[in-house]
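1. Take a look and give me a structure for this.
(one chain, ligands or ions: 2)
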Amino acid sequence: MKQMHTWIFVPGSDPKKLEKVEQLLSDAVIFDLEDAVPAQEKALARRLVKEELQHVPRQGTPARYVRVNAVDTPFFEQDVKGIDGVGLRGVVLPKAEDVQSVARLDALLDQLPGTENGVDGGQDRRVEIVPLIESARGLFHAYEIARASKRIKRLMFGSIDFALDIQAELTPEGQELLYARSQLVVVSRAAGIGAPIDAVFPNFRDKDGLIRETQRAKQLGFQGKLLIHPCQIGPVREVFIPSREEIVEAELIVASYQEALAAGIGSIQVRGRMVDAPVYERAKRVVEEVSHLINTKEKSDERK
Ligand SMILES: CC(C)(COP(=O)(O)OP(=O)(O)OC[C@H]1O[C@@H](n2cnc3c(N)ncnc32)[C@H](O)[C@@H]1OP(=O)(O)O)[C@@H](O)C(=O)NCCC(=O)NCCSC(=O)C[C@@](O)(CC(=O)O)C(=O)O
Ligand SMILES: [Mg+2]
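-> Ligands and ions are numbered 1, 2, ... in the order given. Sure, this is the predicted structure:
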């Protein structure tokens, strides 16, 4: 499955920000109908977002997701019914706390006429559900949630609501969130879905802080990060894509280990470090990700 590193929220009621979506260099945009939109603007946001979803996005532009309001709000059902469109890749489900809320969304998506086989050319052409885990109850049920629908390919973490719910104090080091973050990574792997997407970093002018938090998320096993401002896309992408040194090292490990395997040897050393099956697997993933990035870039260049 393609790794998606950068996911930027765009408030659904803000035409000026919506206009910029085509130019954003993120892997995904999330049109927000939830917390970035006040109650009196919900209907406007629904209409503007629906317009955005009427066309399949051009190759090389971000995949389109919509964050609807939570299942227990008066907006939920109308939000979901209002977002049919061939440009829709997936729906972010906020305050996901149990299997039933996923089932309700799943059932509504089954009935959406415009999305039954549209879905912007993604590999699995079903509209994806991305549960946003942002409460103690959500974290407690995260494994069942992750397995609640075939539409689920990854989870997301909402740290601000989560901290509010567990009454934690958010700090730059983030130790108060370490358990939740690690739990989401483990649960995702146990459920057989992709790695999760880490929470937003609200202080968008603090580039160094963003990079530090992104590095920690990557080290824990996250595949990407939620963003709120375009200036966060570049630094987060840089952290997640393999560096030149990592690529060179990975290619060397893959080549050396394949040679060793052909000679019937299962454990070797490369530049003084042991390389065995899991080390080889990890290096292979780096090489695969790089070749995927090159292919995607070539395809999008061909279309220009
Ligand atoms: C913070 C600010 C108002 C600043 O805007 P400002 O316009 O003042 O900033 P400027 O620096 O002047 O922008 C320079 C130029 O970029 C344009 N521009 C800026 N942002 C853009 C953007 N996002 N998309 C496209 N374009 C953009 C702008 O239009 C301008 O264009 P131009 O004038 O032409 O130069 C803005 O970024 C913003 O609204 N962000 C998204 C907020 C949002 O969605 N929150 C909800 C998701 S979090 C949450 O819910 C918590 C959570 O739930 C999380 C979880 O769920 O995990 C939890 O619990 O933790
Ligand atoms: Mg939230």
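2. Give me the nearest residue to Val102, chain neighbours excluded.
-> When the adjacent residues along the chain are set aside, Val102 lies closest to Ala148, with 4.0 Å between them (C-beta to C-beta, 6 or more residues apart in numbering). Just so you know, the C-beta spots here come from the backbone N, C-alpha and C atoms, and that holds for glycine as well.
3. so who does the one you found touch?
-> When contacts are counted by C-beta atoms under 8 Å, 6 or more residues apart in numbering, Ala148 touches 99, 102-103, 106, 131.
4. got it, and Gln183?
-> So, once contact is read as C-beta under 8 Å, 6+ apart, Gln183 ends up touching 139, 142.
5. Distance-wise, check it relative to Thr171.
-> As defined by C-beta to C-beta, to the nearest Å, Gln183 lies at a distance of 19 Å from Thr171.
6. Next, the buried residues of stretch 73-90.
-> Judged by neighbour count (16 or more other C-beta atoms under 10 Å), stretch 73-90 contains these buried residues: 73, 75-76, 78-80, 82-90.
7. repeat for stretch 160-173
-> Under 16+ other C-beta under 10 Å, the buried positions of stretch 160-173 are 161-163, 165.
8. and which of these is nearest ligand 2?
-> Lowest distance from ligand 2 to those (C-beta to the ion) belongs to Asp161, with 3.7 Å.
9. So what does the closest one look like in phi/psi?
-> Phi and psi for Asp161, reported as degrees, to the nearest 10, are phi -70, psi -40.
10. How about it: what's its closest non-neighbour residue?
-> Of all residues not flanking Asp161 in the chain, Glu134 sits nearest, at 3.9 Å (C-beta to C-beta, 6+ apart).
11. State the pLDDT value of that neighbour.
-> On the pLDDT scale, Glu134 is placed at 98.
12. how close does it get to ligand 2?
-> Applying C-beta to the ion, to the nearest Å, one obtains 5 Å for the distance of Glu134 from ligand 2.
13. hmm, back to that, which one of the buried residues of stretch 160-173 is nearest Ile253?
-> Distance from Ile253 was checked for each of the buried residues of stretch 160-173 by C-beta to C-beta. The minimum falls on Phe162, at 37.3 Å.
14. Next, the residue of the stretch 201-304 of the chain found nearest ligand 2: secondary structure please.
-> At 9.7 Å from ligand 2, Leu226 is the closest residue in the stretch 201-304 of the chain, using C-beta to the ion. When the structure is reduced to helix, strand and coil (DSSP: H, G, I helix; E, B strand; the rest coil), Leu226 reads as strand.
15. who touches the residue lying closest to it once chain neighbours are set aside in this structure?
-> Leaving aside its chain neighbours, Leu226 sits nearest to Val200 (4.6 Å; criterion: C-beta to C-beta, 6+ apart). Under the criterion of C-beta under 8 Å, 6+ apart, the neighbours of Val200 are 9, 158-160, 225-228.
16. Can you give the domain ranges for the chain?
-> Annotated domains of the chain cover 6-240, 244-303 [automatic domain parsing].
17. Distance to ligand 1 for the ones you listed - can I get that in CSV?
-> What follows is those, written out as CSV (distance: least, C-beta to the nearest ligand atom, whole Å):
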stretch, distance to ligand 1
domain 6-240, 3
domain 244-303, 20
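18. Could you tell me the least trusted of those domains?
-> Here the lowest mean pLDDT among the domains of the chain goes to domain 244-303, at a mean of 89.
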